[in-house]
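**Student:** When you get a sec, could you give me coordinates for this:
(2 chains)
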Amino acid sequence: MSQDIFVVIEHLRGQVSDTSYVMLAGARQLSQNFGGNVTAVLLGHEAQGLAGNLAADKVLYVDHAALTDFTSDGYQCVLAELIKEHSPRVVIFGHSSIGMDVASGLSVKLGLPVISSCRNFTTEGKFVSQICGGKIMAEGDIPSPSALITMVPGGYKAELGQSSQPAAVTAVPAPSLEGLRLSVKQYIEPDTSDVDITKEKMLVSVGRGIQNKDNIELANDLAAALGCVVSASRPVVDQGWMPTTRLVGKSGKKVKPKIYLALGISGAPEHVEGMGDSEIIIAVNTDQNAPIFNIAKYGTTTDMFDLIPALIEKAKQSK
Amino acid sequence: MKIAVPVKFVPDLVEEITIDPSGTALDTTWLRLIINEFDDHAVEQAILLKEKAGGQVSVLAAEAEGVDDFLFASAAKGADQLVKLTGDFSTVNNHALARAFADLLKKGKPDLILTGVQAHNDLDGSVGPLLAENLGMPYVGYVAGITPASDKVIARKEYSGGLVAEIEVKLPAVLGIQAAEKPPRYIAYSKIRQVMGTAKIETSPIAGLDTSGGTSVSRMFQPEVTQRATMLEGSPVDIADKLVGIFKELGVL
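**Tutor:** Next comes the predicted model:
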């Protein structure tokens, strides 16, 4: 049994994700409660170079050709062996397309609890998870002797998980990875034929509150009057009202415009992940309890369908 | 292809969410439950696959208010089998739900299981990968597109930034759906009423739900607000005026 905190580093095509650094920063704080080391766990093929700036006490590196691309199959096999051998106090994964694919399976395989959507740890070493679209926080003790955690961004600055002094890397042989049932055939690059919303200085962004496809036209008219373009949250794209090139959030683009005008967007954590760094957020939402008002600089509960025509008019007049 | 879609109901976030007097759980007195939207997409994706390649679709849900209507709506969309798990689900968690679904699915032997990639109230992992491990099947989450091919499927898995990986998945398997290839279809209530006359909901009693593996919460609370937006008041025209002022000040207009 150890008091070490393992952090499963997430990387894709040679790039360590920001979430990995956030996890390392969280692990560092947690290590003060448990007294163990922060161990970065890096799985890949010819990927040792990615360990260079991880703020960890040590790095366990597992190299295998079958780990070139992420698959839950391959990662679970390797991580199950590592966790059994080292019995870390906590294993932290990203609450992401990588971490969520493996943490729950390992929970069943190893009989360990898994805690989802952890945003930060308290000074007493408790987890604080963010649920119900960011409206509710749930706090509790991290079960002993070992627990798995998936972590959302937002609780720690990524820079705190980076270091200019490389940690010592220990190469660990991979277990047999025969008979994997998943294999990556190819990657499809994001469509670049549309406008690049990450380069816009202002975005009119629409969420579920836009109600239907016809109303997108209204948002387009507003964007035209303001000289910018329309972006959207996930429900709007899933409905097919806007193309994926305009998607802002966890599974879409990360944008940092000067002004982000959020129309009918509640501010769920998955969306905030993509726009939280905007310089000024202005929120229009009839639900005064919408979490978006907690990150916006300006807000109004006026109905957007009353506000948009007035705003188009005023914008035209001011030119 | 036999496709099963286990779904769960979650609190409707449009309603006010409050915490019960114990301070460790949501107050369920007035809580309205709705289908987890990712599960709704999973049902749609299953129907789309059936329309494309044939097969049989089963939809499974634990008993809750509104579940019957949802199951009948699924039948109206094209689901062939409706299964309702009955019993006491007041203390259910994802580990327990996944075990209950797994027991049923071991008998049904589907080729493909589709379920929502997550739910907003997940605290102990998500149902899809928990279910996959209980059944000894592979799992791929964040899937937005599936192409069937004999004993395997190609799943399109989304990563942040819009990158997609095409993954070959050997069947049987569980896929966590982020979004169906088309938005969930709208079904008029009259059509659901029609289906109620012919479709049958099979009930499957779950006795003594095993809730081990769940996450213990010692405190639930609404997030402390460190910064609250400056609220703009007045008529829509007044607010439009103020916004234009802000845009000009920042030099974007």
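**Student:** Wait, A:Gln186 touches B:Ile167, no?
**Tutor:** No. In this structure A:Gln186 lies outside contact range of B:Ile167 using Cβ atoms under 8 Å: 9.5 Å. Every C-beta, even on glycine, is put in place using the N, C-alpha and C of the backbone.
**Student:** which of these two has more neighbours?
**Tutor:** Counted by other Cβ atoms under 10 Å in any protein chain shown, A:Gln186 and B:Ile167 do not tie: B:Ile167 has more neighbours, with 25 against 10.
**Student:** Is the helix or strand harbouring the more buried one in proximity to chain A?
**Tutor:** Assigned by DSSP states H and E, B:Ile167 belongs to strand B:164-170. Yes. Strand B:164-170 lies within reach of chain A by Cβ under 8 Å from any Cβ of the partner chain, at B:164-170.
**Student:** Next secondary structure element downstream of that strand?
**Tutor:** Using DSSP H and E, the helix or strand that directly follows strand B:164-170 along the chain is strand B:173-177.
**Student:** That following strand pairs with which strands?
**Tutor:** strand B:112-116 (parallel), strand B:139-149 (parallel) (DSSP bridges).
**Student:** Pull the contacting residues for residue 18.
**Tutor:** As the question left the chain open, I've gone with chain A. Contacts for A:Asp18 were tallied using Cβ atoms under 8 Å, 6 or more residues apart in numbering or on different chains; they are A:153, A:158.
**Student:** I was thinking of chain B, sorry if that wasn't clear
**Tutor:** Counted by Cβ under 8 Å, 6+ apart, B:Thr18 has contacts B:26-27, B:30.
**Student:** Need phi/psi at it.
**Tutor:** Dihedral pair for B:Thr18: phi -120, psi 170, per degrees, to the nearest 10.
**Student:** Any figure for the gap between it and B:Tyr142?
**Tutor:** Relative to B:Tyr142, B:Thr18 is positioned 31 Å away (Cβ to Cβ, to the nearest Å).
**Student:** related to what we said a few turns ago, could you restrict the contacts of B:Thr18 to the ones contacting chain A?
**Tutor:** Among the contacts of B:Thr18, chain A is touched by B:Leu26 when using Cβ under 8 Å from any Cβ.
**Student:** What is the nearest of the contacts of B:Thr18 to chain A?
**Tutor:** Proximity of those to chain A (Cβ to the nearest Cβ) peaks at B:Leu26, which lies at 7.0 Å.
**Student:** What sits closest to A:Glu273 if chain neighbours are left out?
**Tutor:** In space, and not counting its chain neighbours, A:Glu273 is closest to A:Lys250: 4.5 Å by Cβ to Cβ, 6 or more residues apart in numbering or on different chains.
**Student:** now the one you found: how far from B:Asp39?
**Tutor:** Taking Cβ to Cβ, one finds A:Lys250 at 18 Å from B:Asp39.
**Student:** before we move on, what about B:Thr203?
**Tutor:** As judged by Cβ to Cβ, B:Thr203 and B:Asp39 stand 19 Å apart.
**Student:** residue boundaries of the strands in the stretch 1-150 of chain A?
**Tutor:** For the stretch 1-150 of chain A, applying DSSP state E, counting those that start in this stretch gives strands covering A:5-8, A:11-12, A:15-16, A:38-44, A:58-63, A:90-94, A:114-121, A:127-131, A:136-140, A:147-151.
**Student:** again with the stretch 151-300 of chain A
**Tutor:** Under DSSP E, counting those that start in this stretch, the stretch 151-300 of chain A gives strands at A:168-172, A:182-188, A:202-206, A:229-232, A:259-263, A:280-284, A:298-300.
**Student:** which element follows the shortest one toward the C-terminus?
**Tutor:** Stepping forward along the backbone from strand A:298-300, the first helix or strand reached (DSSP H and E) is helix A:304-317.
**Student:** Specify the beta-bridge partners of the closest residue in space to A:Gln29 that isn't next to it in sequence.
**Tutor:** Distances taken as Cβ to Cβ, 6+ apart place A:Phe121 nearest to A:Gln29, at 5.6 Å, with adjacent residues excluded. Residues in a beta bridge with A:Phe121, per DSSP bridges, are A:Phe127.
**Student:** if I read this right, A:Phe121 contacts A:Asn33, doesn't it?
**Tutor:** Yes. Assessed by Cβ under 8 Å, A:Phe121 is found in contact with A:Asn33 at 7.5 Å.
**Student:** In terms of pLDDT, where does the closest residue in space to A:Pro257 that isn't next to it in sequence sit?
**Tutor:** Leaving aside its sequence neighbours, A:Pro257 sits nearest to A:Leu203 (Cβ to Cβ, 6+ apart; 4.9 Å). We have a pLDDT of 98 for A:Leu203.
**Student:** mind listing what A:Leu203 touches?
**Tutor:** Here A:Leu203 is in contact with A:197, A:228-231, A:248, A:255, A:257, A:259-261, A:278 (criterion: Cβ under 8 Å, 6+ apart).
**Student:** what's the answer for B:Val43, then?
**Tutor:** B:5, B:7, B:57, B:59, B:74, B:77, B:79, B:114, B:184.
**Student:** Low-confidence ranges, chain B, go.
**Tutor:** Across chain B, nothing is flagged by pLDDT under 70.
**Student:** So which residues of it form helices?
**Tutor:** B:37-53, B:67-77, B:94-108, B:127-135, B:189-198, B:236-249 (DSSP state H).
**Student:** out of those helices, deepest packed?
**Tutor:** helix B:127-135 (a mean of 27; mean count of other Cβ atoms under 10 Å in any protein chain shown).
**Student:** And the contacts of that one?
**Tutor:** For helix B:127-135, using Cβ under 8 Å, 6+ apart, the contacting residues are A:72, A:100-109, B:6, B:8, B:94-95, B:97-99, B:101-102, B:105-106, B:113, B:115-117, B:119, B:138-139, B:141, B:172-176.
**Student:** Give me the buried stretch members for the top helix by length along chain A, please.
**Tutor:** Counting residues, the longest helix found in chain A (DSSP H) is helix A:18-34. Within helix A:18-34, the residues scored as buried using 16 or more other Cβ atoms under 10 Å in any protein chain shown are A:18-31, A:33-34.
**Student:** Same list (the strands of the stretch 1-150 of chain A) but as a markdown table, adding mean neighbour count, mean pLDDT and distance to B:Ala64.
**Tutor:** Converted to a markdown table, the strands of the stretch 1-150 of chain A look like this (neighbours: other Cβ atoms under 10 Å in any protein chain shown; pLDDT from 0 to 100; distance: least, Cβ to Cβ, whole Å):
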| stretch | mean neighbour count | mean pLDDT | distance to B:Ala64 |
| --- | --- | --- | --- |
| strand A:5-8 | 29 | 98 | 34 |
| strand A:11-12 | 16 | 96 | 38 |
| strand A:15-16 | 17 | 96 | 41 |
| strand A:38-44 | 25 | 98 | 39 |
| strand A:58-63 | 20 | 98 | 43 |
| strand A:90-94 | 28 | 98 | 30 |
| strand A:114-121 | 26 | 98 | 21 |
| strand A:127-131 | 24 | 97 | 18 |
| strand A:136-140 | 21 | 97 | 19 |
| strand A:147-151 | 27 | 98 | 25 |
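**Student:** give me the number of residues near the residue of the stretch 1-150 of chain B found nearest chain A?
**Tutor:** Going by Cβ to the nearest Cβ, chain A is nearest to B:Gly125 of the stretch 1-150 of chain B, at 3.3 Å. Per other Cβ under 10 Å, the neighbour tally for B:Gly125 reads 30.
**Student:** circling back to that earlier point, next, format the strands of the stretch 1-150 of chain A as CSV and append distance to B:Ser22.
**Tutor:** As requested, these are exported to CSV (distance: least, Cβ to Cβ, whole Å):
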stretch, distance to B:Ser22
strand A:5-8, 30
strand A:11-12, 42
strand A:15-16, 41
strand A:38-44, 35
strand A:58-63, 41
strand A:90-94, 26
strand A:114-121, 19
strand A:127-131, 17
strand A:136-140, 13
strand A:147-151, 23
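**Student:** Having no further points to raise, I will conclude here.
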